[in-house]
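1. Fold the following.
(one chain, ligands or ions: 2)
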Amino acid sequence: MQILLLNIKKLVQVEEKPVQWVAGQNMASLKCIDNAFLLMENGLIKDFGSMRDVPSFAGLPSDVLIYNVNGRMVFPSFCDSHTHLVYAGSREVEYIDKIKGLSYEEIARRGGGILNSAKLLSQTSEDELYEQALPRVKEIIRKGTGAVEIKSGYGLSTENELKMLRVIRRLSEATPLTIKATFLGAHAVPAEYKGRQAEYVDQIINEMIPQVAAEDLADYIDVFCDRGFFTVEDTERILMAGMKYGLRPKIHANELDYSGGIQVGVKYNALSVDHLEFTGDDEIQTLLGSETMPTLLPGAAFFLGMDNPPVRKMIDAGLPIALASDFNPGSSPSGDMKFIMSLGCIRLKMLPEEVINATTINGAYAMGLSETHGSICRGKVANIFITKPIPTLEYMPYAYTSDLVETVFLNGNITNVC
Ligand code: NIG
Ligand code: FE
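-> Ligands and ions are numbered 1, 2, ... in the order given. Reported below is the predicted structural model:
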């Protein structure tokens, strides 16, 4: 089945030759075609170009569907490479604590935070957890996300970590979203292991990782390598164990301190290191020349009122940057990638072109999908969205609460989510 979009005001992020990622000063350039067409076939992007070169109707199959998208722009779908969108209940109680002045770490020390979500999740069945997560998936599809990474990490026991990962698998089977799963048993030390952190790490290594691998439930492995959570030594042990089963690291690092997380991530060839509020010259040097995508989560820094990472310094040094939502109940209860683009511009001082690269092709790289997702490129998966009529490209991040995603295509099909 072919679908032809005609009279696209601007076709955004086109690639003649696919690249793995965009780095340094190249992040500010974005290839677009004005007054364009886009042809999709069997779920893939078949062709695109200027309306001057639109394929002749005689050459198209008789059942081709043609849409005149007059005045609207077409973007590749967002690639959100870091979320925790499978969780039980919600944590607005802590939101009030934060308003009253408690920090994220203080809330965690009092048994709130991740442990609060773990308790709720242990009381929730797999079916119920799935029913709670499904509307979040539908919501992000409506808002333009076409590929997402989802982590476990609110189970903190073998049984409940597996439960979360099975829910992630069910979501990927039941929805048209491309989903990558990450095992994050080392998200926090569960209450019953307080003071016995090394024993919990042993359980992750000896019990959880082998079972996750046996059921083939995860693509990647994550550790929250930060002050008050897991040490560099814990992280090394866990990453080595995961890598034996083919799980490439993608880790939480340097959100709360100069934790050594960036260095250990690069040492084990992590696909990405994420958060990075505490990034200095050493960390930038470590990242340069590596295959690790520095991934920033401005929604979490915004929600928690934290300092921002030194993005301009990182880009000027030649690094690529991905932006992700971190959708989770504690530090970023939103998966709205358009808002993440706006935060990238407003809070991180990134240019509109930079935030578009960061939320598409670089996000795709950060979950191992840059060969198939993240740009308008012949042969890539036809995951795109059509905007409402908008005056300029810059209007997308500028109009920061307007709902400007009008129509979503995933795998070349119009996606009606309700
Ligand atoms: O990425 N930093 C660690 N983990 C999550 C927060 C999880 C939570 O508070 O529930 C994050 O921000
Ligand atoms: Fe996170």
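2. Was I right to think residue 9 contacts residue 33?
-> No. The pair residue 9 / residue 33 is not scored as a contact, 10.2 Å apart, by CB atoms under 8 Å. C-beta here means a position set from N, CA and C on the backbone, and glycine is covered the same way.
3. which parts of this structure sit against ligand 1?
-> With CB under 6 Å from any ligand atom as the criterion, the chain meets ligand 1 at residues 84, 113-114, 117, 224, 252, 255, 300, 326, 328-331.
4. Next one: the closest residue in space to residue 155 that isn't next to it in sequence from ligand 1, what distance?
-> In this structure, residue 155 finds its nearest non-sequential neighbour in residue 161, 3.5 Å apart by CB to CB, 6 or more residues apart in numbering. Counting by CB to the nearest ligand atom, to the nearest Å, the separation of residue 161 from ligand 1 is 15 Å.
5. hmm, who's touching the helix or strand where residue 161 lies?
-> Here residue 161, judged by DSSP states H and E, is contained in helix 158-174. Counting by CB atoms under 8 Å, 6 or more residues apart in numbering, helix 158-174 makes contact with 86, 118, 121-122, 126, 129-130, 133-134, 137, 150, 152-155, 177-179, 181, 183, 185, 203, 207-208, 211-212, 215, 217-218, all of which sit outside it.
6. other SSEs contacting the lowest-mean-pLDDT helix or strand in the chain?
-> Here the helix or strand of the chain ranked lowest by mean pLDDT, DSSP states H and E is helix 104-109, holding a mean of 86. Under the contact criterion of 3 or more CB pairs under 8 Å, 6 or more residues apart in numbering; DSSP states H and E, helix 104-109 touches helix 92-99.
7. how about the helix it packs on as CSV, C-alpha atoms only?
-> Taking Å, rounded to 0.1, in the frame of the first residue of the first chain, the C-alpha atoms of helix 92-99 are listed here in CSV:
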residue,chain,number,x,y,z
GLU,A,92,1.7,13.9,43.6
VAL,A,93,2.1,13.7,47.4
GLU,A,94,5.8,14.2,46.9
TYR,A,95,5.1,17.0,44.5
ILE,A,96,3.6,18.8,47.5
ASP,A,97,6.7,17.9,49.6
LYS,A,98,8.8,19.5,46.9
ILE,A,99,6.7,22.6,46.8
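8. Now do it, average pLDDT.
-> Averaged over helix 92-99, pLDDT sits at 90.
9. Same check on stretch 324-342?
-> The average of the pLDDT scores along stretch 324-342 is 97.
10. And it, end to end?
-> 12 Å (CA to CA, to the nearest Å).
11. how close does residue 227 get to ligand 1?
-> Counting by CB to the nearest ligand atom, the gap from residue 227 to ligand 1 is 11 Å.
12. try residue 15
-> Separation of residue 15 from ligand 1 (CB to the nearest ligand atom): 30 Å.
13. what do you get for residue 346?
-> 20 Å.
14. Quick check: phi and psi at that residue.
-> Backbone torsions of residue 346, given as degrees, to the nearest 10, read phi -70, psi -50.
15. Could I get the pLDDT score of it?
-> So, for residue 346, pLDDT stands at 97.
16. what about the residue of the chain found nearest ligand 1, how many neighbours?
-> The chain approaches ligand 1 most closely through residue 330 (2.3 Å), counting by CB to the nearest ligand atom. Using other CB atoms under 10 Å, residue 330 is surrounded by 25 other residues.
17. got it, and residue 120?
-> Counted with other CB under 10 Å, residues neighbouring residue 120 total 18.
18. isn't it right up against residue 88?
-> Yes. Using CB under 8 Å, residue 120 makes contact with residue 88 at a distance of 4.1 Å.
19. All set now, cheers.
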